[in-house]
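> have a look; sequence and predicted model below, questions after that.
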Amino acid sequence: AVIYRADYQPPAYWIDTVDLCFDLDPAKTRVLNKMKVRRNPQVAPQPLKLDGDELNLARVLVNGQGTSFKMEGDRLVLENLPEGDAPFDLEIFTTCAPAKNSKLMGLYTSNDSFFTQCEAEGFRRITYFLDRPDVMASYTVTLRADKQKYPVLLSNGNLVDQGDLDDGRHFAKWVDPHRKPSYLFALVAGQLVCREQKITSRSGNDHLLQVYVRAGDLDKTEHAMNSLIASVAWDEARFGLPLDLERFMIVATSDFNMGAMENKGLNIFNTKYVLASQATATDTDFMNIESVVGHEYFHNWSGNRVTCRDWFQLSLKEGLTVFRDQEFSQDLAGEASARAVKRIEDVRVLRTAQFPEDAGPMAHPVRPEQYLEINNFYTVTVYEKGAEVVRMQQTLVGREGFEKGLAQYFQRHDGQAVTCDDFAQAIADANPGSHLANNLEQFKRWYSQAGTPRVKATTRFENGTYEITLSQSCPPTPGQAAKEPFVIPVAWGLVGADGREVAGGMQVMTQATETIRVDGLASEPVPSLLRGFSAPVVLEWDATDAQLLALLEHDTDPFNRWEAAQRLGVRRMLDAIRGSGAITLDDAYLQAMRSILRHPKLDAAFKELVLTLPAETYVSEQLDEVDPQRVHAVRESLREQLASALAGDWAWAYEEHKENGAYRPDHVSAGRRALAGLALTHLCIAARSSGDTVWPGKAYQRFKDASNMTDRFNALSALVVSGHELSRPALDRFHGMFRGEALVLDKWFALQAGAPDRGGNVLPVVRSLMQHPDFNLRNPNRARSLIFSYCSANPGAFHRADAAGYVFWGDRVLELDGVNPQVAARLARAMDRWRKLAEPMRSAAREAIARVAAKPDLSNDVREVVTRALAD
Ligand code: ARG
Ligand code: ZN
């Protein structure tokens, strides 16, 4: 049944303490749960209804005595409980089957070890409980298991006792000193080894940091450990938030639905975000590890010390924590130019993933109003747009003001389960007189209204006065036909004819239309609007090429410099798509790209971003009707021209940036590798049209000789992307080299599934890779690497006129739904934008979605996605 935010009721009971005892066994694990429960005196007396899911119930005792109970669906209902508000003992004995748990929610096994995932509603798959975030308890956990098979036994908090039992079994007892909601519970048991590090924090406390992995992976944990050490130091230095535990553990598992999980003191991670060595991980992997380790660590305050009242408030912790991990990565990047690169990358994710979500059938506010399955709302809107909403609050109160606001928030709400309103209120209260405090109710529309606002800019120059008129609007979204104006901070500047900055400021829009006016100008300036992407909006500005070229050359704001190049590229792509399909790149554009590429002062990482053409999905969003194959063909054609016209410059760039000496995953050398990789790809593409064999040969050589995965993979990808015949032996060789490295094999699958389509060749490759001995649909990373890379990340190959891509998609959604509904529902979302498709794709897509929707016993996860996709 659909759950509504408006229906929130406080719990009728509190659970103060939980004492759990596990007898771990893959086939049948026994769970003894002893709780201290009391009535919530604020709520009218009523039965206790405990959540459960796929549990076998053996026994229920109240104050040590048997008691009557009944089942209401999955809930265990207790009606004859002691009267009054005094606490009573409730003991529940259940069993579950971790080895059969392919949903990877609750307690499951992976590679013969036990792991848990409880957020959002997985704890109810372990024991009966009030499985909601506003019920917080103190946990004591005893784990018992075979000592040989499971030498390491971990849970939240501190290890207080351990020892041997009969029959080769042993036990460990853990006590968590902090109260927590059930979604933060975790246990791990298995044959694991750890890297550990003792640290002393600024405040003088000692802590033990540990990273647990399988035995062969210890040499890939250094970067994760360094990232954790940096995270602890950063949160204390930037926000005054110390580590509140003696022991902080990270454990990696190769079977995981998402990226990672912030369980108190025992974070569980997808191996993808822990394991890295220069031989197996790319620079991007290294950066992602840093940011995900930071993210989960920062949840220790923003999420764990202060948590969500209910799941509609998810962005309270996720938006804030994404904002914090973005700031962390920017601070570690150091220099202003490297910070800007990180900002551009974050905005690119927002615009290519969140903007389409906000415009499609699954559009929802940052704080949703309803859901059928909460797992469907761990979205780019809740996470990334939520982070932008936090960032705007920082913009409106200033950096120092935001630090005061965050201190106020933690002081006021430590130990509580609160709402998004509570957060914004704390930031505003700490900053009286600020734009945020003055417009708080209006600002909070960012939490309640879905859709991406548009800000239209028109300009006028007369008698030395420059006027920029900004008008905001927001398109309708499902269930929200009309929108009220948002508070939109628009950072702006004016660039003079000589390239110098003549004026600038911050326009905090609150009205539908506002005007910025600057007097006393000698000549017409070029406006630089929405600097640093100061708000998550679409800026509609009809700039001339000359204006964009001026910004690309002179703007002091690196974000808008990059943005100018994007606009130049998008315009050319749109002209070709709407026109004959063919376009010859003009000299002005090519010359501008050349001078960026050859620029003596700009960072390589920034150049790589500027020289990368806008993504197909980003361009498609700007069309009313999309033919994905045409969009793909146009982008390929422009890329070929960029490759050929700048061939000499690409060759220069490659030679200039290809060697960095000893591998270090720092921003400067990573930027050089990225630019060298982009250059090599363009050189191989240019070789395809010229018939040259030198560059593909060099790419193959580089692929073989590279000292690190970034260079090796970039070279391999250059061969695959350019469709050169050497890609076959290279792919085979790559597989042979890394057959034992699961995360590298994921890259191997993904590269082939994401390759440019040539005459419909990708789908047959994907189909045959599904038969590969290394393919396994039950492993989420592997399923994503093959199936999602094709259906969600390769639009030119997926949207076939013969609908075979959609049939494949439907088959996989249904197949996955029987195994792991969460992963299936993510795949289902590949069709979100089907209504924009041109015929015959559109009708074929509707048919494919309808076929999935017609399956009788669909999970709630998939049902919600496909029903919303078909709703009008
Ligand atoms: N809280 C985790 C994070 O963002 C994500 C957990 C999501 N889990 C899920 N089953 N939806 O770090
Ligand atoms: Zn998170």
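Nice, I can see it. Fair warning: this is a prediction, and the values are worked out from it, not measured in the lab. Ligands and ions are numbered 1, 2, ... in the order given.
> drop to CA atoms for contacts and neighbour counts, all remaining ones
Fine.
> so where do the helices sit in the stretch 551-700 of the chain?
For the stretch 551-700 of the chain, the helices defined by DSSP state H, counting those that start in this stretch occupy 558-578, 587-597, 604-611, 616-620, 628-645, 647-657, 667-690, 694-705.
> what lies in contact with the fourth one?
Which is helix 616-620. 351-352, 570, 573-574, 626, 628, 631-632, 635, 795 (C-alpha atoms under 8 Å, 6 or more residues apart in numbering).
> okay, the helices of the stretch 551-700 of the chain in JSON lines with distance to ligand 1, mean pLDDT and mean neighbour count next?
Conversion of those to JSON lines gives the following (distance: least, C-alpha to the nearest ligand atom, whole Å; pLDDT from 0 to 100; neighbours: other C-alpha atoms under 10 Å):
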{"stretch": "helix 558-578", "distance to ligand 1": "27", "mean pLDDT": "98", "mean neighbour count": "21"}
{"stretch": "helix 587-597", "distance to ligand 1": "37", "mean pLDDT": "98", "mean neighbour count": "16"}
{"stretch": "helix 604-611", "distance to ligand 1": "27", "mean pLDDT": "98", "mean neighbour count": "22"}
{"stretch": "helix 616-620", "distance to ligand 1": "24", "mean pLDDT": "98", "mean neighbour count": "21"}
{"stretch": "helix 628-645", "distance to ligand 1": "30", "mean pLDDT": "97", "mean neighbour count": "21"}
{"stretch": "helix 647-657", "distance to ligand 1": "35", "mean pLDDT": "98", "mean neighbour count": "18"}
{"stretch": "helix 667-690", "distance to ligand 1": "24", "mean pLDDT": "97", "mean neighbour count": "24"}
{"stretch": "helix 694-705", "distance to ligand 1": "35", "mean pLDDT": "98", "mean neighbour count": "19"}
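> so for residue 152, which of those helices sits nearest?
Evaluated with C-alpha to C-alpha, the helices of the stretch 551-700 of the chain place helix 667-690 nearest to residue 152, the distance being 36.5 Å.
> quick one: end-to-end distance for stretch 143-156.
Across stretch 143-156, the terminal residues are separated by 12 Å (C-alpha to C-alpha, to the nearest Å).
> ah, wrong one, I meant stretch 155-173
Separation of the first and last residues of stretch 155-173 by C-alpha to C-alpha is 8 Å.
> repeat that for stretch 360-370.
Distance between the two ends of stretch 360-370: 16 Å, counting by C-alpha to C-alpha.
> all strands for the stretch 451-600 of the chain, in order.
454-462, 465-473, 488-495, 501-509, 513-518, 526-529, 538-541 (DSSP state E, counting those that start in this stretch).
> mind putting these into a markdown table with mean pLDDT, mean neighbour count and distance to ligand 1?
Conversion of these to a markdown table gives the following (pLDDT from 0 to 100; neighbours: other C-alpha atoms under 10 Å; distance: least, C-alpha to the nearest ligand atom, whole Å):
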| stretch | mean pLDDT | mean neighbour count | distance to ligand 1 |
| --- | --- | --- | --- |
| strand 454-462 | 98 | 16 | 28 |
| strand 465-473 | 98 | 19 | 31 |
| strand 488-495 | 98 | 22 | 27 |
| strand 501-509 | 98 | 16 | 31 |
| strand 513-518 | 98 | 14 | 37 |
| strand 526-529 | 98 | 23 | 32 |
| strand 538-541 | 98 | 16 | 26 |
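> what strand or helix carries residue 10?
With elements delineated by DSSP states H and E, residue 10 resides in a region that no helix or strand encompasses.
> phi and psi next, for residue 226.
Reported as degrees, to the nearest 10, the phi and psi values for residue 226 are phi -60, psi -40.
> and whichever residue of the stretch 301-450 of the chain sits closest to ligand 1, how many neighbours?
Residue nearest to ligand 1 within the stretch 301-450 of the chain: residue 375 (4.5 Å; C-alpha to the nearest ligand atom). A count of nearby residues for residue 375, using other C-alpha atoms under 10 Å, gives 19.
> circling back to that earlier point, got JSON lines for the strands of the stretch 451-600 of the chain, with distance to residue 346 too?
Below are the strands of the stretch 451-600 of the chain laid out as JSON lines (distance: least, C-alpha to C-alpha, whole Å):
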{"stretch": "strand 454-462", "distance to residue 346": "19"}
{"stretch": "strand 465-473", "distance to residue 346": "23"}
{"stretch": "strand 488-495", "distance to residue 346": "18"}
{"stretch": "strand 501-509", "distance to residue 346": "21"}
{"stretch": "strand 513-518", "distance to residue 346": "28"}
{"stretch": "strand 526-529", "distance to residue 346": "18"}
{"stretch": "strand 538-541", "distance to residue 346": "15"}
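> what distance separates stretch 14-34 from the centre of its chain?
The chain centroid and the centroid of stretch 14-34 are separated by 32 Å under C-alpha atoms, centre = their mean, to the nearest Å.
> next, the contact list for the closest residue in space to residue 233 that isn't next to it in sequence, please.
The shortest distance from residue 233 to any residue that is not its chain neighbour, by C-alpha to C-alpha, 6 or more residues apart in numbering, is 7.1 Å, and that residue is residue 201. Taking C-alpha under 8 Å, 6+ apart as the contact definition, residue 201 lies against 207, 232-233, 242-243.
> just residue 32 next, same as before
Contacts of residue 32 were listed using C-alpha under 8 Å, 6+ apart, and they are 20-22, 91-94.
> how far away is the nearest residue to it once chain neighbours are set aside from residue 689?
The shortest distance from residue 32 to any residue other than its chain neighbours is 4.6 Å, reached at residue 93 (C-alpha to C-alpha, 6+ apart). The spacing between residue 93 and residue 689, counted by C-alpha to C-alpha, is 70 Å.
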